[in-house]
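Trainee: Structure for this input, please:
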Amino acid sequence: MQLQPQYARLDMPNTMLGLIEQYEYGLKGRVYEVMNWLVEDGLLSGNNRPGYIHEVEAFDILAPIQYPSKVMNAAVNFYTHACEGCTQEQLAQRTRERQEDRGVPYLFLKPTRGAIVGSGEDIIMPFGRDEIEYEVEMAIVFGKAGKYVSASRAYDHVFGYMVAMDVSDRGGRPPGGYGVRSDWFVGKGHDTFAPHGPWIVPKEFYGDPMNRLHQITVIDGVTVKGKPRQVT
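Mentor: Numbers count the residues shown, from 1 in each chain. Reported below is the predicted structural model:
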C-alpha cells in the first residue's frame, strides 16, 4: 500500500496522436497532475522553470495533428450556407425543411498529407486557378475509435476541438477534362488547402460546441453572423 498514492508511471507520448490515443486511458490524470504542480508552484516562468517549458513565440507552430488517419468535412454546415442570397422567408422555410429531415450529412475527404498545414502558414495558390475561396470551420477531433456509434453516444468519442479552414477551388474541372458533375478532389484536395490549429482544446475545457460556435461571413461589405443553433 502506498502512503502517498500517485498516478501510475507513464511515459509521455512524443506525438499528438499518441497523447490523444492514451488520454482517456490513464494519461489525462497524469497531465492534470503535472500542470497543477507547474501552476501552483509558479513554474511556468522564471529561473526555476523546467527545461521542457518554452515560450510559444520561440517556435513555429505546426498543425496539431500532422498525419491523421482521415480528414472528413461536412458540406453546408450552416443553414445560412444552404440558402445563400435567400430572403428571410426563404431561409426560414429552408431551415424548417432541413430540421425536419436532416438526412445523412454530405461528406467529403481531404488529403492527410500535403493539404494539412499549420496556423499562419502560407496557402499555395494552384497554377492557373483564380477562384479560390475559404471558410472557417470548427474541427472535431475524435480520440476513441468506434463504429455504428449512435448520435447520443458520439460525444463520448470526442477528444476536443480546433479551428480549421476549408480552402476551395471553385473553378470547376480543368479545361479539357471530363465536364460532367463536380470534382470534389480538384476543388478541395490541393496542397495546403486544409490549415489546422494552432491548438486543440480538450472537450472538458470547451463546453457545448453548439452554444459556442459562431460563423461570421462578410458578403458585399455586410457582416452576416451564423448563430450557434443554426448549425445543420
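Trainee: any idea how far Asn14 is from the spatially most central residue of the chain?
Mentor: For the chain, the residue nearest the mean C-alpha position is Ala139 (1.9 Å; CA atoms, centre = their mean). In this view, Ala139 and Asn14 are 22 Å apart by CB to CB, to the nearest Å. The way it works is simple: take the backbone N, C-alpha and C, and place the C-beta from them, glycine included.
Trainee: Mind jotting down where the strands sit in this protein?
Mentor: 71-74, 107-110, 116-118, 132-142, 158-169, 194-196, 201-202, 215-219, 222-226 (DSSP state E).
Trainee: Tell me which of those is the most buried.
Mentor: Among these, strand 194-196 has the highest mean neighbour count (mean count of other CB atoms under 10 Å), at a mean of 25.
Trainee: residues in contact with it?
Mentor: Here strand 194-196 makes contact (CB atoms under 8 Å, 6 or more residues apart in numbering) with 63-65, 71, 110-111, 115-119, 121, 123, 139, 162-167.
Trainee: now the helices: where do they sit in this protein?
Mentor: Per DSSP state H, the chain has helices spanning 16-22, 28-40, 79-82, 88-100, 184-188, 209-212. These are given in chain order.
Trainee: closest to Arg98 out of the strands of the chain?
Mentor: Each of the strands of the chain was scored for nearness to Arg98 using CB to CB, and the closest is strand 71-74 (12.8 Å).
Trainee: Once you drop chain neighbours, what's closest to Tyr206?
Mentor: Take Tyr206 and drop its neighbours on the chain: the residue closest to it by CB to CB, 6 or more residues apart in numbering is Tyr161, 5.4 Å away.
Trainee: Repeat that for Leu43.
Mentor: Taking CB to CB, 6+ apart, and ignoring the residues beside it in sequence, Leu43 has Arg49 as its nearest neighbour in space, at 5.6 Å.
Trainee: What count of nearby residues applies to that neighbour?
Mentor: The tally of other residues near Arg49 (other CB atoms under 10 Å) stands at 14.
Trainee: just checking, it touches Gly42?
Mentor: No. Using CB atoms under 8 Å, Arg49 is not in contact with Gly42, being 9.2 Å away.
Trainee: got the domain boundaries for the protein?
Mentor: If you go by automatic domain parsing, the domain ranges for the chain are 16-58, 71-230.
Trainee: I'd say Ser119 and Met162 touch.
Mentor: No. Using CB under 8 Å, Ser119 is not in contact with Met162; the gap is 9.3 Å.
Trainee: which residues are common contacts for these two?
Mentor: Residues touching both Ser119 and Met162 (CB under 8 Å, 6+ apart) are His196, Gly197.
Trainee: re earlier: closest to Arg173 out of the helices of the chain?
Mentor: helix 184-188 (6.4 Å).
Trainee: Which residues does that closest one contact?
Mentor: For helix 184-188, the external contacting residues (CB under 8 Å, 6+ apart) are Asn73, Phe108, Lys110, Asp166, Val167, Ser168, Asp169, Arg170, Gly172, Arg173, Pro174.
Trainee: Rebuild the residues you listed as TSV, extending it with pLDDT and distance to Gly128.
Mentor: Output for these, formatted as TSV (pLDDT from 0 to 100; distance: CB to CB, whole Å):
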residue	pLDDT	distance to Gly128
Asn73	92	24
Phe108	90	23
Lys110	94	21
Asp166	92	21
Val167	94	16
Ser168	92	16
Asp169	91	10
Arg170	85	14
Gly172	78	12
Arg173	76	13
Pro174	70	8
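Trainee: could you dump these to CSV with distance to Gln88?
Mentor: CSV is the format used below for these (distance: CB to CB, whole Å):
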residue, distance to Gln88
Asn73, 28
Phe108, 30
Lys110, 33
Asp166, 26
Val167, 30
Ser168, 27
Asp169, 31
Arg170, 26
Gly172, 31
Arg173, 35
Pro174, 38
